[in-house]
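[1] whatever this is, show me its structure:
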Amino acid sequence: MLPYIVFIILLLICYYKRWPMGMIGIVILFAALRYDVGWDYNMYCHIVRSPIEWNNEDTSRFSFPWRELFRFAHEYNTPHFAIILPNIITYIILYCGLSLLKMKKRQKVDAIFVYVMWYELYLGSFSIIRQEISMSLGFLLFALLQRKKFLVSIIVLLLASWLHSSASVLIILYPVYLLRNKLNVKWVCISTV
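    Residues are numbered from 1 along each chain as shown. Below you'll find the predicted structure:
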């Protein structure tokens, strides 16, 4: 319980000082340095220690980047690395998305604070590491669409889908973006069929 209290206190200090980079740093540290928290934690440690789980392209459900991450962590006998690196990448991507949206400091700290305090967003990410990195890429995709960076957004969509197949649902952002001024339920349904 003490780590959570310290985490919230540090987060509140950064929030009141309007220091979004500090908040992201705390979020990354807490997510990366956690021990035995989340469904994926024990599974990732087991997978890294058991190459038969991920070292076969035919039977593995993990894409190439994940297999390479597991291979690296296995080679250096650091299973926790397979948790640390994705967490760092996830929250850096999230911050890049906030910056791409040209948010002011106050808006960034508010957005990060809501993200962290909403139970299923931040703490839920401890249990869905691969999906969370794809979700952060989805947020970046949204920010890229807002800035009219269509080619880069397509690359981000492909990368997110490569990391976790569930991210392919993000393709719905394109018709929603194009129809945003005329958006109603009927057009969303028609555009996704």
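[2] going by C-alpha atoms from here, please, whenever you check contacts or count neighbours.
    OK.
[3] could I get the full set of strands for the chain?
    With DSSP state E as the criterion, the chain has no strands.
[4] which helix runs longest in it?
    In the chain, with assignment by DSSP state H, the single longest helix is helix 81-100.
[5] other SSEs contacting that helix?
    Contacts defined by 3 or more CA pairs under 8 Å, 6 or more residues apart in numbering; DSSP states H and E place helix 81-100 against helix 20-32, helix 39-49, helix 64-75, helix 129-146.
[6] so where is the protein shaky, pLDDT-wise?
    Where the chain drops to pLDDT under 70, the residues are 58-59, 119-121, 123-126, 181-193.
[7] nearest spatial neighbour of the spatially most central residue of it, skipping sequence neighbours?
    Note on the chain: the residue nearest the mean C-alpha position is residue 133, at 3.0 Å, using CA atoms, centre = their mean. Distance criterion CA to CA, 6 or more residues apart in numbering; nearest residue to residue 133, sequence neighbours excluded, is residue 90 at 4.8 Å.
[8] got a list of what that neighbour touches?
    Neighbour list for residue 90: 132, 133, 136, 137 [criterion: CA atoms under 8 Å, 6 or more residues apart in numbering].
[9] just to check, the second one is in contact with residue 86?
    Put plainly, it is residue 133. Yes: contact criterion CA atoms under 8 Å: residue 133 and residue 86 qualify, at 6.7 Å.
[10] next up, the contacts around the residue nearest to the centre of the chain.
    86, 87, 89, 90, 160, 163.
[11] what's near enough to touch the third one?
    Looking back up the chat, that one is residue 89. Neighbours of residue 89 in contact, by CA under 8 Å, 6+ apart: residue 133.
[12] now swap in the first one and tell me
    By CA under 8 Å, 6+ apart, residue 86 lies in contact with 129, 130, 133.
[13] on that earlier part again, separation between the residue nearest to residue 133 and residue 53?
    24 Å (CA to CA, to the nearest Å).
[14] what's the answer for residue 166, then?
    In terms of CA to CA, residue 166 sits 21 Å off from residue 53.
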